[in-house]
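A.B. asks: Sequence and predicted model, in that order:
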Amino acid sequence: MAKGDEVAYAKFYDAYFDRLRRYLLVVTRGNEDASREALQSALLRVVRYVREFASEEVFWGWLTVLARSAVFDQTRKRRRYLSFLDRFAFHSRTLPPAQTETDGKLLGLLESGLANLPPDERKLLEAKYLDDSSVQEIAAQLQTSEKAVESGMVRIRRKLKTVLLDQLKNEQ
């Protein structure tokens, strides 16, 4: 597997997929969604970092560490996201009226900038930020790599930023 052999990965998958899935169901206390996400992340880590091990027990121990790390990483990510939403909700409730007007103006400029983007670029941003699709999901949908989606997002955001800054400069 370390050399990229697909047959070796297929054997690994057949031997460990169900066992690792059951392990993650226990770790996530029966949360099937969380265990599925962690399993995907753990399998990606296996592909990236696999190496030779002295025994099957040592290999299984390494797999469980990868799986638990994936669960903890997802939990931290989810907490950060929820914390951000809480801060955002609190901030939006406490904004002074002038700030709300400014936000409305910026939102209008953003909508205008999005409307002027080519349809494929606008759909990419909408998939990520409005539909809450992950980069993995978008890449699968577009039949391209995650890196291609990420670099496209960077390029589109820069383009949109330039347009917004130009519009703001012209209004002053």
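C.D. replies: Arrived safely, thanks for sending. Numbering: from 1, shown residues only.
A.B. asks: shaky segments in this structure?
C.D. replies: For the chain, the stretches flagged by pLDDT under 70 are 92-102, 172.
A.B. asks: which residue ranges form the helices in the chain?
C.D. replies: Counting by DSSP state H, the chain has helices at residues 6-27, 32-49, 56-93, 97-115, 119-125, 135-142, 146-171.
A.B. asks: So which of those is the most surrounded?
C.D. replies: Highest mean neighbour count among the helices of the chain (mean count of other Cβ atoms under 10 Å): helix 32-49, with a mean of 17. No exception for glycine: its C-beta is placed from N, CA and C like everyone else's.
A.B. asks: Torsion angles phi and psi at Ala2?
C.D. replies: Backbone dihedrals for Ala2, given as degrees, to the nearest 10, come out at phi -60, psi -20.
A.B. asks: That one reaches Tyr49, doesn't it?
C.D. replies: No. Applying Cβ atoms under 8 Å, one finds Ala2 not in contact with Tyr49, separated by 9.1 Å.
A.B. asks: what about the nearest residue to Ser133 once chain neighbours are set aside, neighbour count?
C.D. replies: Distance criterion Cβ to Cβ, 6 or more residues apart in numbering; nearest residue to Ser133, sequence neighbours excluded, is Ala127 at 4.5 Å. By other Cβ atoms under 10 Å, 19 other residues sit near Ala127.
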